[in-house]
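[1] dropping the sequence and predicted coords here.
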Amino acid sequence: MGIHKMTQKPVLTTGLLFLIIVNTGCSTIHAYQIGGPHGIEQGNQPGTEWESKTINTFLWGAIRQDVQIENCRLGDGSRLNIEEFKIEKNAGFIIANILTLGIWEPAKVSWRCAKPKQ
């Protein structure tokens, strides 16, 4: 009975530590234009829904995968501005970066286009 209690504590501690790392191992950088139509932050009215792409950089940024945004154009070919974008890293992305010592770093980039000027 004493051995069972001794093995239970490290398993519980390891599980708790894992949950803490997974839940805190995420980050999001969110950039947006302030003062939307109602004068409040994040009160913008974008013209498109969120588009996302997972990108990769290698060798500490020496080789990178750029994001080409193709959905911010009108039918006549004129371009729209980008209303807001996010760069997200989850626990899996961070672990991949750590395990490869920074040689591979994935991230998720998301963006929304602005409404056309009237």
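    That came in fine, so what should we check first? Just so it is clear, the structure is predicted and the values come from calculations on it, not from any experiment.
[2] neighbouring contacts of stretch 56-69?
    By C-beta atoms under 8 Å, 6 or more residues apart in numbering, the residues outside stretch 56-69 that reach it are 51, 53, 55, 82, 102-107, 109, 111, 113. (Each C-beta comes from the backbone N, C-alpha and C, glycine too.)
[3] any idea which helix or strand in the protein has the lowest mean pLDDT?
    When each helix and strand of the chain is scored by mean pLDDT, DSSP states H and E, helix 2-24 comes last, with a mean of 60.
[4] buried residues of the following helix or strand past it, list them for me.
    Using DSSP states H and E, the helix or strand that follows helix 2-24 in sequence is strand 27-32. For strand 27-32, a neighbour-count test (16 or more other C-beta atoms under 10 Å) marks Y32 as buried.
[5] how about the helices in the protein?
    Per DSSP state H, the chain carries helices over the ranges 2-24, 91-99.
[6] which strands or helices does the last one pack on?
    For helix 91-99, the helices and strands in contact under the criterion 3 or more C-beta pairs under 8 Å, 6 or more residues apart in numbering; DSSP states H and E are strand 104-113.
[7] before we move on, back to that, pick out the lowest-pLDDT one from the contacts of stretch 56-69.
    The lowest pLDDT within these belongs to I82, with 82.
[8] tally of neighbours for the residue lying closest to that residue once chain neighbours are set aside?
    Excluding the flanking residues, the one nearest I82 by C-beta to C-beta, 6 or more residues apart in numbering is W111, at 5.4 Å. When neighbours are counted by other C-beta atoms under 10 Å, W111 registers 21.
[9] show me what W111 bridges to in the sheet.
    W111 forms beta bridges with E51, F85, as assigned by DSSP bridges.
[10] in contact with it, which residues are there?
    Taking C-beta under 8 Å, 6+ apart as the test, what W111 contacts is 50-51, 67, 69, 72, 82, 84-86.
[11] turn those into TSV, including distance to T28 and neighbour count.
    TSV is the format used below for those (distance: C-beta to C-beta, whole Å; neighbours: other C-beta atoms under 10 Å):
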residue	distance to T28	neighbour count
W50	13	11
E51	16	16
V67	16	16
I69	19	16
C72	21	18
I82	17	17
E84	12	18
F85	11	17
K86	6	17
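[12] cheers, nothing more for now.
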